[in-house]
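Student: Sequence and predicted model, in that order:
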Amino acid sequence: MKSIAILILAATCCSGIAQDATKARTVLKLAAKSASGEVVAEALVDTNDAPDLADWGKEAGGLCVEWFPKINALLPSEGFTPPKSVTLYFDPKLKGVAHADKGRITIGADYVRGHTNDWGMVVHELTHIVQAYPKPEEKFTKPGWLVEGIADYIRLFHFEPNAPRPRINPDKASYRDAYKTTAVFLAWAEKQHDAKLVTKLNAALRQGKFSLELFKEATGKTVDELWAEFADELRAKQGTTK
Ligand SMILES: [Zn+2]
């Protein structure tokens, strides 16, 4: 069993954040350790620019150290050293929700204030840290819809297994819609055709070897054939016809 040790480090400076150099910044450091004392995950929480979110940040940091090993286990690939450290920075100026890059998740402070229950967002962003797909983003080796679909797949089917599923319109939606639609499609394809599909897609994306052909290699059907079958099942379930 893992125990979570919480340490507070005073005056730890975080690079890359505009700051008053004379003013010390304090980050909260949370770590999960294995039974032998090895740190298996750590989160540095920086709420210096949104101090009212200190408690929320602490919860989010705890969630990250709990889910880091789980997501790493769900998205393994050969020769890859899974990351185990993440910084959560709460940005008072960010207009959007959040973004993740190079071991750092930047979260919109205003977004959190209006969505205090959105822990799934943290898991989605943490999945991006684990994905660690190579740059530059190339349309054919790293399609954005799939990157976002896998992040929501981890969120919806592992972190929020009991949350209501999005209603998908089989006549308007596409596997390229990203986020929840792609996530639901991936989970369906795993259930119907290949339980290791997401693991395979993730490994190929991380190794820069992804192509749509992979769907056919894994399931025997092209991604378009899979989508057609998925959409037909949705129509049958929803009582609609094409
Ligand atoms: Zn995302």
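Tutor: Cool, the structure landed. Numbering: from 1, shown residues only.

Student: Show me this structure divided up by domain.
Tutor: 3-131, 144-238 (automatic domain parsing).

Student: Among these, which one carries the weakest average confidence?
Tutor: Of all the domains of the chain, domain 3-131 carries the lowest average pLDDT, namely a mean of 88.

Student: got a list of what residue 68 touches?
Tutor: For residue 68, the contact set (Cβ atoms under 8 Å, 6 or more residues apart in numbering) comprises 32, 40-41, 43, 83-84, 86, 126, 130. Glycine gets a C-beta too; all of them are placed from N, C-alpha and C.

Student: Which parts of the protein are strands?
Tutor: 3-9, 27-33, 39-46, 85-91, 98-101, 104-108 (DSSP state E).

Student: how about these, which one is nearest residue 190?
Tutor: strand 98-101 (24.0 Å; Cβ to Cβ).

Student: give me the number of residues near the spatially closest residue to residue 173 that is not a sequence neighbour?
Tutor: Nearest non-adjacent residue to residue 173, counting by Cβ to Cβ, 6 or more residues apart in numbering: residue 181, 5.2 Å away. A count of neighbours around residue 181, defined by other Cβ atoms under 10 Å, yields 21.

Student: in the longest helix along the chain, what's buried?
Tutor: For the chain, the longest helix by residue count, based on DSSP state H, is helix 54-74. Of all the residues in helix 54-74, those buried under the rule 16 or more other Cβ atoms under 10 Å are 56-58, 60-72, 74.

Student: what residues does this protein put near the ion?
Tutor: 148, 151 (Cβ under 5 Å from the ion).

Student: Tell me where the chain has helices.
Tutor: Using DSSP H, helices in the chain cover 54-74, 109-114, 119-131, 144-154, 179-192, 197-206, 213-219, 223-238.

Student: Can you lay out the ones you listed as JSON lines showing distance to residue 93?
Tutor: Shown next, in JSON lines, are the helices of the chain (distance: least, Cβ to Cβ, whole Å):
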{"stretch": "helix 54-74", "distance to residue 93": "17"}
{"stretch": "helix 109-114", "distance to residue 93": "8"}
{"stretch": "helix 119-131", "distance to residue 93": "18"}
{"stretch": "helix 144-154", "distance to residue 93": "23"}
{"stretch": "helix 179-192", "distance to residue 93": "24"}
{"stretch": "helix 197-206", "distance to residue 93": "31"}
{"stretch": "helix 213-219", "distance to residue 93": "39"}
{"stretch": "helix 223-238", "distance to residue 93": "39"}
